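Trainee: give me coordinates for this.
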Amino acid sequence: MNRRIATGRAVVNEFAKMRHLSVGLVSTVMVIGVLALSLFAVASSPDFDPDTPDAWNALLGGMSLGVPLISPLLLAVLASRQVDIEHQGSGWLLQSTSGITPGEVCRAKLVALGIIVTAITIGTNLIVLIVGKLLAGILPPAPLGHWAGFTFCMLAVNLAVLALHILLSAKVENQLVALGIGVLGCILAVFSQGLPAAAAHVTPWGYYALAQAAGYQGDQLLMLPISYPSIVALAVIVGVVFAVLTFRFDRQEA
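Mentor: Numbers count the residues shown, from 1 in each chain. Here you go, the predicted model:
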């Protein structure tokens with residue numbers, strides 16, 4: 001019970017730290033960026049017709065491009081800022097004296113930031129859905145099942161990338177390394193959409209392409225199948241890696 005209380009206190013502490021880390025600003029940029037790219041996809045599509053069910057593909061295609069173009073870097077920023085405060089202020093040592101190991105700190109950071117990223121991802125998808133109905137005036141019913149699957153998969157990839165960046169930022173004090181990898185992640189995530197599925201499996205950022213809900217095949221914008229087994233496998237593998245490495249952090253501290 002005492003361990004659960006300590007873990008809960010660590011998560012609360014992470015939320016308290018966010019007030020000084022511009023988490024709200026970064027979150028707002030993520031939402032506005034994806035929304036803007038989704039609307040741009042609608043405005044730039046010559047075949048957009050709000051009276052046809054295919055009109056939703058323009059929004060799904062815009063989000064399928066907007067999330068991988070924006071999220072990898074901003075997730076790196078969120079993780080870097082949340083972890084760098086421990087490097088700068090001897091936070092690892094201070095929390096160890098309170099009985100909270102570095103591994104527990106990393107897990108608390110994932111829980112706290114994971115709640116924020118979950119809210120951003122689900123909220124952005126809902127906003128785009130509402131905008132498509134009210135602002136774009138799309139009349140046919142939205143493909144809610146496909147949309148929900150896309151949301152789940154993008155959330156799973158976002159959380160996996162977030163977890164890896166927390167580990168990276170915890171091990172490497174120079175946060176420019178983490179931010180540089182975040183930029184590289186954006187490039188890999190976008191270019192993976194033009195690669196074979198086997199190539200997209202090579203890096204965590206390639207899984208954004210496997211979660212793509214709509215895109216162009218030739219000159220036609222079509223709804224695309226989502227690779228659910230691959231996304232689930234990524235979530236499981238990253239979850240295991242995160243757990244193993246953070247528990248190693250605990251043993252190293254001991």
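Trainee: pretty sure Ala41 is touching Gly61, no?
Mentor: Yes: Ala41 is within contact range of Gly61, at 5.5 Å (criterion: C-beta atoms under 8 Å). C-beta: built from backbone N, CA, C; applies to glycine.
Trainee: could you find the closest non-adjacent residue to Arg248?
Mentor: Counting by C-beta to C-beta, 6 or more residues apart in numbering, Gly103 is the residue found nearest to Arg248 once chain neighbours are left out, at 7.3 Å.
Trainee: just the strands in the chain please.
Mentor: 214-217, 220-223 (DSSP state E).
Trainee: which outside residues touch the first one?
Mentor: Contacts of strand 214-217 with the rest of the structure, by C-beta atoms under 8 Å, 6 or more residues apart in numbering, involve Trp56, Asn57, Ala58, Leu60, Gly61, Ser64, Leu65, Gln193, Leu221, Leu222, Met223, Leu224.
Trainee: just to revisit the earlier point, got the strands of the chain as CSV, with distance to Val77 and mean neighbour count columns?
Mentor: Rendered in CSV, the data for the strands of the chain read as follows (distance: least, C-beta to C-beta, whole Å; neighbours: other C-beta atoms under 10 Å):
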stretch, distance to Val77, mean neighbour count
strand 214-217, 27, 16
strand 220-223, 31, 15
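Trainee: count the residues that sit near the residue nearest to Arg248.
Mentor: Neighbouring residues of Gly103 were enumerated by other C-beta atoms under 10 Å; the total is 20.
Trainee: now do the contacts for it.
Mentor: With contacts defined as C-beta under 8 Å, 6+ apart, the neighbours of Gly103 are Thr246, Phe247, Arg248, Phe249, Asp250, Glu253.
Trainee: neighbour-wise, which of the residues you listed leads?
Mentor: Taking other C-beta under 10 Å to define a neighbour, the member of the contacts of Gly103 with the most is Thr246, carrying 22 neighbours.
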